[in-house]
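Participant: Based on what follows, work out the 3D shape:
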Amino acid sequence: MLIDLTEVIKNENGKLDICEDFHMPEISFMGEEFEFSKPFKAVGCITNNSKALELAIEVSGKAKVHCARCAAPLEVTIQFPVKETLMREDETNPEDDEIILYKGKEIELDDIIVSNFLVNVPVKYLCREDCKGLCPHCGTNLNEHTCNCDKDVLDPRWEKLAEIMKNMTDTK
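Facilitator: Purely as a prediction, here's the structure:
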């Protein structure tokens, strides 16, 4: 999303309203595949405070994800703020990490929006708060069916520890 900053740069205390559709790329992050069938909406403004430009927008849309427990497909609403300080490359110290630099009189907001998305997105999604997940032995979705697997089967990686603990309780 390329934004022309000409008017807001010219006018001290100037303001540029933004109301644009943003096509979010498919994103794979922390084991989750985010798919976006419709564009997100970016609404807000860029203001000139005489020292820098301030970007303040609210981005919202829907994403297709999967439940972290049972892997059921979900469509979730995602909404997050984007607040950044913008300065031209030739007007600032390039080592200041809190400032986003732009060249000329335009700025591309795509990377700014995607990086703010990654910072604001939840780590996991659940189809419902009490999701029972999948059986670790047979893979049955426990929200839909029950299975006959032995729930007390110990993970083989913990067998030695269980043996040690059993011996400790037997010797007391």
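Participant: how about the strands in the protein?
Facilitator: Secondary structure of the chain (DSSP state E): strands located at 2-4, 15-22, 27-29, 32-34, 40-48, 53-66, 73-88, 99-102, 106-108.
Participant: looking at those strands, which is closest to residue 126?
Facilitator: strand 73-88 (8.4 Å; CB to CB). Using the backbone N, CA and C atoms, a C-beta is placed for each residue, glycine as well.
Participant: any chance of the strands of the chain in CSV, with distance to residue 138 and mean neighbour count too?
Facilitator: Formatted as CSV, these follow (distance: least, CB to CB, whole Å; neighbours: other CB atoms under 10 Å):
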stretch, distance to residue 138, mean neighbour count
strand 2-4, 52, 13
strand 15-22, 42, 14
strand 27-29, 28, 12
strand 32-34, 24, 15
strand 40-48, 39, 18
strand 53-66, 19, 18
strand 73-88, 21, 14
strand 99-102, 50, 16
strand 106-108, 49, 15
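Participant: Next, format these as JSON lines and append mean pLDDT and distance to residue 136.
Facilitator: Converted to JSON lines, the strands of the chain look like this (pLDDT from 0 to 100; distance: least, CB to CB, whole Å):
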{"stretch": "strand 2-4", "mean pLDDT": "85", "distance to residue 136": "49"}
{"stretch": "strand 15-22", "mean pLDDT": "92", "distance to residue 136": "39"}
{"stretch": "strand 27-29", "mean pLDDT": "87", "distance to residue 136": "24"}
{"stretch": "strand 32-34", "mean pLDDT": "85", "distance to residue 136": "20"}
{"stretch": "strand 40-48", "mean pLDDT": "94", "distance to residue 136": "36"}
{"stretch": "strand 53-66", "mean pLDDT": "94", "distance to residue 136": "17"}
{"stretch": "strand 73-88", "mean pLDDT": "92", "distance to residue 136": "21"}
{"stretch": "strand 99-102", "mean pLDDT": "82", "distance to residue 136": "45"}
{"stretch": "strand 106-108", "mean pLDDT": "86", "distance to residue 136": "45"}
